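Undergrad: quick one, fold the following:
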Amino acid sequence: MKRTFILITWLTIASMGLHAQTATDIPGPETEFVMQLKVKLGAPYSVGETPKGRRTVVPITGGTFEGPLLRGTILEGGADWQLAKGNRTEIEAIYSIKTDDGVYIHIRNHGIIAGGDGGFYFKAAPQFEAPEDSKYAWLNNALFLCAPAWGPGEGITLNVWKVK
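TA: Below is the predicted model:
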């Protein structure tokens, strides 16, 4: 009896002033549009089935990018390395861009393409390496997300947002 009373008292005190939060009570992150990359792609080639999955390489042959604070060209020489297993493909694209004012920026983009019962999706998180002494240094210290904008053409268009 004494144990039951103590337990009820403790639960009552512990629950005072607490309320359950629902997902709608928690604000989501805000984003800010950074740029759109129009990436030109070369002919893909496959390494074949490996112990980790099917490895495919898609050369990046150029392109352009533009946003409110920067614009320029995508340099030839990068690639999109893909590893597919089942209905999931992991992507790692590594390439460089050059701004209109001559600053080189390195991009490493990690992403996932997946399909299944919920449909198809592609999401990625690019990381930028810009010179610390440039006006683009802000790219080094932020979290970014990107998603494709599918359409006609010889490549892929990626929209990039900064998480505020």
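
Undergrad: can you map out the helices along this protein?
TA: Taking DSSP state H to define them, one finds helices in the chain at 2-15.

Undergrad: show me where pLDDT drops low in it?
TA: 1-23, 116-120, 151 (pLDDT under 70).

Undergrad: any idea which strand is longest in it?
TA: strand 53-66 (DSSP state E).

Undergrad: quick check: neighbours of that one in the sheet, parallel or antiparallel?
TA: Each strand paired with strand 53-66, and its direction, by DSSP bridges: strand 31-41 (antiparallel), strand 45-50 (antiparallel), strand 71-74 (antiparallel), strand 78-85 (antiparallel).

Undergrad: the longest one: how far from the chain's middle?
TA: Strand 31-41 sits 11 Å away from the centroid of its parent chain (CA atoms, centre = their mean, to the nearest Å).

Undergrad: output that strand as CSV, nothing but the C-alphas.
TA: Output of strand 31-41 as CSV, limited to C-alpha atoms (Å, rounded to 0.1, in the frame of the first residue of the first chain):
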residue,chain,number,x,y,z
THR,A,31,15.9,27.1,-45.8
GLU,A,32,17.2,29.8,-48.1
PHE,A,33,17.8,29.2,-51.9
VAL,A,34,21.5,29.3,-52.7
MET,A,35,21.8,28.2,-56.4
GLN,A,36,20.8,26.0,-59.2
LEU,A,37,23.4,23.8,-60.8
LYS,A,38,22.9,22.7,-64.4
VAL,A,39,25.3,19.8,-64.6
LYS,A,40,26.3,18.3,-67.9
LEU,A,41,27.0,14.6,-67.8
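
Undergrad: what's stretch 35-48 in contact with?
TA: Residues from elsewhere that reach stretch 35-48 (CB atoms under 8 Å, 6 or more residues apart in numbering): 54-67, 70-71, 74, 80, 95, 97, 146, 149, 153-160. Using the backbone N, CA and C atoms, a C-beta is placed for each residue, glycine as well.

Undergrad: in the longest strand of the chain, what's buried?
TA: The neighbour-count check on strand 53-66 (16 or more other CB atoms under 10 Å) flags Thr56, Val58, Pro59, Ile60, Thr61, Gly62, Gly63, Phe65 as buried.

Undergrad: thanks a lot, catch you later.
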